[in-house]
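**Student:** Need a 3D model of the following:
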Amino acid sequence: ISLQLKAIGSNFSLFVNQEGVSSSVIVLIATVSVGIFAVLFGTRKIEVTEYRSGMMLAIAVESLFKLFAIIGVGFIAIVLFNKQGDFSLGQTIQQTFESPVWQTKDIFSFSFIMQTLMAAAAVICLPRQFHVTVVDHQEKKQLNMARWVFPAYLTVFAILIPPIAMTGQSLFGLESNADTYVIQFALASENTFFKVLIFLGGLSATTAMIIIATFSLSIMISNDVILPIMLARASSRDQAQPLYHKKILHIRRFVIAAVLILSYLYYQEMATSESLAGTGLLAFSLVLQLIPAVIGGLYWRRGHAIGVYTGFALGFVFWLLWLIFPLLGTQEWSSHNFETRAEVISLGACISLIANIIGYIAGSLLASERLIDRIQATAFVSPTAELEGRFIKPKSLALNGDLIVLLETFLGKQRCQQILTEYQQQHNIEISGKDSPDRLFIDFCERILGGVFGGSSARTIINSVMVGKRMKVEEMVTYLDEATQAIQFNQNLLFVSMDNLAQG
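**Tutor:** Residues are numbered from 1 along each chain as shown. Next comes the predicted model:
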């Protein structure tokens, strides 16, 4: 996020062509503005999985601005590159690929491979990427379209970046900051429309990433850190239903503000000594630490939380020692060129990743598994097996009304009635509180509650209701603490869970 704030400040300073303009003031104004937008459009609804048309429409429009801007920059770059002779797109492409940067030893260098791996990890692991891809999509056909639209979108950028980089080097020299090529092209153009388009494109690219990143982080931090602690300490007098709805929204707004403040402070203290590309690589090297847990959680049944924590701890320690501590020595670090810094970051990312993987495997194999770890491993590694018979038992005492009361507790009556009406219209059925729930309605309730306080906690509470355990609010709160879920399952739930575990 601080990377995007830095981009806003530096681009604005260049665009007004005044080095004396205080970029800190511009960044502060941008931080406050983006924070207000994220709060207004991102935290109006409590359910994470509910589609936010206003925010997603704004992000889509900004993405189009960014696309048109990069096409405009590419056109300007090609024209400027051929200004001394006849315009030839083929000649530009040929000269681009004849550049020394395309030599085999550079393309397949260790630094290039690690940077590619870090970028791939960012596509999978960055909170904003995960939120748009997984959380905020409405239906499966959108993902099918995204499978070719998103790669095509990236391909346009990949095609245009080489001529932009070559033109920037030839016009502004190797000593010029490559981060500023796009804005310098805009300033070199005499067309006011192109100048405005390029500036708005850059502004759109930065603000869109900040908005989605802060919003998704607010969900993760509130659901997995703050809410479990707060609810575990709640007393019986805090049982009024509307309070849960309001508290969750207030917490997410507070987290958005806190994340932006921390990002601004990081920008002030450290990001000003690094280039945009250097700051981005540093951030990607930390995101890379999530890859072992993500891949292992999906495909390795023996992996569990203790292994993840061990891997994170080792990887983070090596990341601090190899990358952050040298960065604190600003003079020595800044004296290196970008290529040298990129090699150092790539090597540090590789070492910390290896330490992470070793810690993850060793921690998972050596530490004893809890019951909740085995249940979650089955749910992720073998989702089909976990789904079969997960809830439906002839002796279940739960009714639709029990699940409706559960939804009302955390969503409020008005929102609960709204989503129930939409569900009944969508499936052309009528939900009666006195009837037993079917699997479709149970999954629907779990998905809605999972959007409020996380899938693991939602599954635990739904399971408890389905086996006929009547929980008070304070008992339900206790279930939200993942560390105590396994020992607090009642006997019926334990049998249901064990039935779904693979033998051996």
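
**Student:** the strands in the stretch 101-250 of the chain, which residues?
**Tutor:** Remark: no strands are assigned in the stretch 101-250 of the chain by DSSP state E, counting those that start in this stretch.

**Student:** ok, which stretches of it are helices?
**Tutor:** 104-107, 110-125, 127-130, 140-172, 181-188, 192-221, 227-232, 241-269 (DSSP state H, counting those that start in this stretch).

**Student:** just for the stretch 401-504 of the chain, where's the confidence low?
**Tutor:** Counting by pLDDT under 70, the ranges of the stretch 401-504 of the chain that qualify are 451-457, 460, 464, 466-504.

**Student:** Residue 343 is nearest to which of the helices of the stretch 101-250 of the chain?
**Tutor:** Proximity to residue 343 (Cβ to Cβ) singles out helix 110-125 among the helices of the stretch 101-250 of the chain, at 4.8 Å. From N, CA and C alone the C-beta is placed, and that goes for glycine too.

**Student:** Which other helices and strands does that closest one contact?
**Tutor:** Under the contact definition 3 or more Cβ pairs under 8 Å, 6 or more residues apart in numbering; DSSP states H and E, helix 110-125 sits against helix 127-130, helix 276-287, helix 291-299, helix 338-366.

**Student:** For those, give me a markdown table that also has distance to residue 30, mean pLDDT and mean neighbour count.
**Tutor:** Converted to a markdown table, these look like this (distance: least, Cβ to Cβ, whole Å; pLDDT from 0 to 100; neighbours: other Cβ atoms under 10 Å):
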| stretch | distance to residue 30 | mean pLDDT | mean neighbour count |
| --- | --- | --- | --- |
| helix 127-130 | 17 | 78 | 19 |
| helix 276-287 | 15 | 79 | 21 |
| helix 291-299 | 31 | 87 | 17 |
| helix 338-366 | 25 | 86 | 19 |
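
**Student:** closest to residue 438 out of the ones you listed?
**Tutor:** Using Cβ to Cβ, the helices and strands packed on helix 110-125 put helix 291-299 closest to residue 438, at 28.5 Å.

**Student:** tilt between whatever helix or strand comes next after the closest one and helix 338-366?
**Tutor:** Using DSSP states H and E, the helix or strand that follows helix 291-299 in sequence is helix 305-319. For helix 305-319 against helix 338-366, the angle by axes from the mean of the first three to the mean of the last three Cα atoms, to 10 degrees is 150 degrees.

**Student:** tell me which residues in helix 305-319 are buried?
**Tutor:** 305-308, 310-312, 314-316, 318-319 (16 or more other Cβ atoms under 10 Å).

**Student:** Repeat that for stretch 399-408.
**Tutor:** So, applying 16+ other Cβ under 10 Å, buried residues of stretch 399-408: 399-400, 402-404, 406-408.

**Student:** Run through who's touching it.
**Tutor:** 241, 416, 419-420, 431-437, 441-442, 445, 448-449, 461-462, 465 (Cβ atoms under 8 Å, 6 or more residues apart in numbering).

**Student:** again, only this time at 7 Å
**Tutor:** 241, 416, 420, 431-437, 441, 445, 448, 461, 465 (Cβ atoms under 7 Å, 6 or more residues apart in numbering).

**Student:** Mind picking the two most distant members of those?
**Tutor:** Pairwise over the contacts of stretch 399-408, using Cβ to Cβ, the maximum falls at 241 and 436, 24.3 Å.

**Student:** before we move on, the earlier item: tell me the one among the buried residues of stretch 399-408 nearest to residue 3.
**Tutor:** residue 407 (39.5 Å).

**Student:** Test my guess that residue 206 contacts residue 6.
**Tutor:** No: Residue 206 is beyond contact range of residue 6, at 9.1 Å (criterion: Cβ atoms under 7 Å).

**Student:** Buried ones among the contacts of stretch 399-408?
**Tutor:** Buried among these by 16+ other Cβ under 10 Å: 416, 420, 431, 437, 441, 445, 448, 461, 465.

**Student:** Adding secondary structure and distance to residue 344, write those out as JSON lines.
**Tutor:** Below are these laid out as JSON lines (DSSP: H, G, I helix; E, B strand; the rest coil; distance: Cβ to Cβ, whole Å):
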{"residue": "416", "secondary structure": "helix", "distance to residue 344": "54"}
{"residue": "420", "secondary structure": "helix", "distance to residue 344": "56"}
{"residue": "431", "secondary structure": "coil", "distance to residue 344": "60"}
{"residue": "437", "secondary structure": "coil", "distance to residue 344": "57"}
{"residue": "441", "secondary structure": "helix", "distance to residue 344": "55"}
{"residue": "445", "secondary structure": "helix", "distance to residue 344": "50"}
{"residue": "448", "secondary structure": "helix", "distance to residue 344": "47"}
{"residue": "461", "secondary structure": "helix", "distance to residue 344": "47"}
{"residue": "465", "secondary structure": "helix", "distance to residue 344": "54"}
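
**Student:** Adding distance to residue 228, write those residues out as a markdown table.
**Tutor:** As requested, those are arranged in a markdown table below (distance: Cβ to Cβ, whole Å):
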| residue | distance to residue 228 |
| --- | --- |
| 416 | 23 |
| 420 | 27 |
| 431 | 30 |
| 437 | 26 |
| 441 | 27 |
| 445 | 20 |
| 448 | 19 |
| 461 | 13 |
| 465 | 19 |
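
**Student:** For the residue nearest to residue 184 when sequence neighbours are not counted, the count of nearby residues, please.
**Tutor:** In space, and not counting its chain neighbours, residue 184 is closest to residue 172: 6.0 Å by Cβ to Cβ, 6 or more residues apart in numbering. By other Cβ atoms under 10 Å, the residues close to residue 172 number 16.

**Student:** If anything else comes up later, I'll come back, but that's it for now.
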